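heads up, no residue letters with this:
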């Protein structure tokens, strides 16, 4: 069941909707049941694990950030991402810094509606897919066309991941 734009939805979900509309990205936000694994979450959502995309907040040494979009079943390849970004050091910040950088708690993070418009780096394997990702609020998933999302953010698309 999709949330209608007029329903009572969490503030983060509304930020996602507003930003998506401003970027020309069609987003469908649906309640998401709890799952104990990626495989279970994919099954509950009627997707493959690779269609569930993690939005990872990555901190640079100058205290700026970027978003890395990585599909389920894969992890960031730090050497690939560092080479692409052109830096020697990147790291995943703690939950408090990720929240300060985005306005979203872990498990809900998405570049859509982020407090700051950080650059987006998308793994090449998501191109051409309909994906599920964080929606800005716990208990919901946002479904988007990856190509629309990439275009909406003028994201850098590259091989930035390795199998888990």
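On my side now, so go ahead. Fair warning: this is a prediction, and the values are worked out from it, not measured in the lab.

quick one, strands of this protein?
27-31, 53-60, 65-71, 74-76, 90-91, 120-123, 130-133, 140-145, 156-158, 161-163 (DSSP state E).

Minimum distance to residue 45: which of those strands has it?
Between residue 45 and the strands of the chain, the tightest spacing by C-beta to C-beta is seen for strand 130-133, at 5.6 Å. Backbone N, C-alpha and C define where each C-beta goes, glycine included.

name the helices or strands packed onto that closest one?
strand 53-60, strand 140-145, helix 146-153 (3 or more C-beta pairs under 8 Å, 6 or more residues apart in numbering; DSSP states H and E).

Present those as a markdown table; the columns should include mean neighbour count and distance to residue 116.
Shown next, in a markdown table, are these (neighbours: other C-beta atoms under 10 Å; distance: least, C-beta to C-beta, whole Å):
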| stretch | mean neighbour count | distance to residue 116 |
| --- | --- | --- |
| strand 53-60 | 21 | 10 |
| strand 140-145 | 21 | 19 |
| helix 146-153 | 20 | 13 |
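
Give me the pLDDT value at the spatially most central residue of the chain.
What sits nearest the mean C-alpha location of the chain, by C-alpha atoms, centre = their mean, is residue 55, with 3.0 Å. We have a pLDDT of 97 for residue 55.

Tell me who's in contact with the residue lying closest to it once chain neighbours are set aside.
Spatial nearest neighbour of residue 55, excluding adjacent residues (C-beta to C-beta, 6 or more residues apart in numbering): residue 109 at 4.7 Å. Contacts for residue 109 were tallied using C-beta atoms under 8 Å, 6 or more residues apart in numbering; they are 55, 56, 57, 67, 98, 102, 134.

Can you give me the neighbour number for the fifth one?
Residues lying near residue 98 (other C-beta atoms under 10 Å) number 20.

Quick one: closest of the helices and strands packed on strand 130-133 to residue 17.
Residue 17 sits nearest to strand 140-145 of all the helices and strands packed on strand 130-133, at 8.9 Å, using C-beta to C-beta.

For the closest one, which helices and strands make contact with it?
On a contact count with 3+ C-beta pairs under 8 Å, 6+ apart, strand 140-145 meets helix 11-23, strand 27-31, strand 130-133.

most tightly surrounded among those?
Ranked by mean neighbour count, these are led by strand 130-133 with a mean of 21 (mean count of other C-beta atoms under 10 Å).
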